[in-house]
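[1] Build me a model:
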Amino acid sequence: MSQSREFDIILYGATGFTGKLVAEHLTRRQGDEKLRWAMAGRSLDKLEDVRASLELDSDFPLVVADATDPDSIKDMVRRTRLVISTVGPYQLYGADLIAACAAMGTDYVDLCGEPAFMRQMIDAHDKTAQKSGARIVFSCGFDSIPFDLGVKALQKGVKARFGKASPRVKGRVRALKGSYSGGTAASLKASLAAAAADPAIRDLLRNPFSLTPGFKGAEQPDGDTPAYDETLGSWAAPFVMAAINTRNIHRTNALLGHPYGTDFAYDEMLLTGPGDEGKAMAETVANSNPLASADGRKPGEGPDKAERESGYYDLLFIAVMPDGGSLSLSVYGERDPGYGSTSRILAESALCLLKEDKDAKGGILTPGAVFGEALMARVADHAGLHFTLDETS
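    Numbers count the residues shown, from 1 in each chain. Model (predicted):
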């Protein structure tokens, strides 16, 4: 990547709700990082409003770019080393941007949780990105940074403790306070509409190895049915983000040369508590979808600052060894997952890719394939996301 481009980062989608939060974080961090950045979006007037709200200088650069105008997207991409995109659903608005980044060797991070679209982009642009050196990293927010890096860090601890990776890891959401973003809900609805119209997309959405073309691993646990977890003494329900996190984690394993093994099994579930009450809650969760509600937030809408700051999430990853040994890792995120945490994680992922992980090879990648301890340190210091290996297991 040429260091001579005009900007280090262009934030595309800066006028949206999540985009504004990312812009706030970059504004706070620009002095420490000596960052050359700009904001981009469809409307110059709205970009000027965001610039004023952040108290940025009147000459702070703004870029007009529109997903319906491919030339404007190409012009934006050639001016910067990296694009952060918060413009979704990505399957509706992201294809031309990813194609341009892959062709021009421009790095890219986003919040995409749309596995069928991601597979289409892998098939179409992975080889081009490898050749140009563009690092295109999907899912750099609540999905899938805490989960993908959580499994990676846990497996590192497992190898140190047991001398080999664990073939079975369980991801469990112990607690979560906050809301999913309107953009996430819109992406799910777009994915369901695409699946209804195309049997091939339905097949991709059902396949746990949909992001690992040419590889199909072991049979995976059933994460779609309520189950009692004897080890934790709690009922567990399907977790709405498992559909993207599990696929990213399997792709990470494949991209890294299967350090977790070719027979690796992984699932994610939401803990609902013990006894009849926990069982009833698990069954309720299994029969509902918080992202599919017509009453949920729309793209561009979100919680106020007090709601964002009071949110949190608490995750547990348990590695189970064939001889019965185990090791666990906890991941705790300050602020609500869909907005307050995600916006900071996304911004720090972009900064880490440019600075600490600048030698990573090109391609369409996953967070776990690119990031590791450098990003974990960044998000602990600047995004309130903490990874803790249980040394007492």
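[2] which stretches of this structure have low pLDDT?
    Residue ranges of the chain with pLDDT under 70: 1-3, 180-181, 183, 289-299, 391-393.
[3] Centroid-nearest residue for it?
    Relative to the mean C-alpha position of the chain, the nearest C-alpha, by C-alpha atoms, centre = their mean, is the one of Ser139, at 2.5 Å.
[4] Check whether that residue sits in a helix, strand or coil.
    For Ser139, the secondary-structure state derived from DSSP: H, G, I helix; E, B strand; the rest coil is coil.
[5] which ones are touching it?
    110-113, 145, 148, 244, 248, 366-367 (C-beta atoms under 8 Å, 6 or more residues apart in numbering). Placement of C-beta: from N, CA and C, glycine included.
[6] Let's see that with 7 Å instead.
    Neighbour list for Ser139: 111-113, 244, 248, 366-367 [criterion: C-beta atoms under 7 Å, 6 or more residues apart in numbering].
[7] same question, Pro259
    155, 165, 253 are the contacts of Pro259 under C-beta under 7 Å, 6+ apart.
[8] Now neighbour count too, for the residues you listed, in a markdown table please.
    Listed next are the contacts of Pro259 as a markdown table, based on neighbours: other C-beta atoms under 10 Å:
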| residue | neighbour count |
| --- | --- |
| Gln155 | 25 |
| Ala165 | 19 |
| Asn253 | 28 |
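[9] out of those, who's nearest Ala95?
    Asn253 (26.3 Å; C-beta to C-beta).
[10] Return the backbone torsion pair for the closest one.
    Main-chain dihedrals, Asn253, degrees, to the nearest 10: phi -60, psi -40.
[11] what's the closest non-adjacent residue to it?
    Distances taken as C-beta to C-beta, 6 or more residues apart in numbering put Tyr260 closest to Asn253, at 4.7 Å, once the chain neighbours are dropped.
[12] how near is the one you found to Met376?
    Between Tyr260 and Met376 the distance is 18 Å, computed by C-beta to C-beta, to the nearest Å.
[13] if we can go back for a sec, the contacts of Ser139 in helices, which ones?
    The helices, defined by DSSP state H, take in 244, 248, 367 from those.
[14] contacting residues around Met39?
    Each residue near Met39 by C-beta under 7 Å, 6+ apart is listed here: 11, 14, 23, 47, 50-51, 62.
[15] Can you redo those as JSON lines, where the extra columns are distance to Gly182, secondary structure and neighbour count?
    Formatted as JSON lines, the entries for those read as follows, by distance: C-beta to C-beta, whole Å; DSSP: H, G, I helix; E, B strand; the rest coil; neighbours: other C-beta atoms under 10 Å:
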{"residue": "Leu11", "distance to Gly182": "18", "secondary structure": "strand", "neighbour count": "29"}
{"residue": "Ala14", "distance to Gly182": "16", "secondary structure": "coil", "neighbour count": "28"}
{"residue": "Ala23", "distance to Gly182": "17", "secondary structure": "helix", "neighbour count": "27"}
{"residue": "Leu47", "distance to Gly182": "20", "secondary structure": "helix", "neighbour count": "22"}
{"residue": "Val50", "distance to Gly182": "18", "secondary structure": "helix", "neighbour count": "22"}
{"residue": "Arg51", "distance to Gly182": "23", "secondary structure": "helix", "neighbour count": "20"}
{"residue": "Leu62", "distance to Gly182": "24", "secondary structure": "strand", "neighbour count": "18"}
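[16] Dump those residues into a markdown table; add distance to Ala306 as well.
    Formatted as a markdown table, the contacts of Met39 follow (distance: C-beta to C-beta, whole Å):
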| residue | distance to Ala306 |
| --- | --- |
| Leu11 | 25 |
| Ala14 | 23 |
| Ala23 | 20 |
| Leu47 | 27 |
| Val50 | 21 |
| Arg51 | 25 |
| Leu62 | 30 |
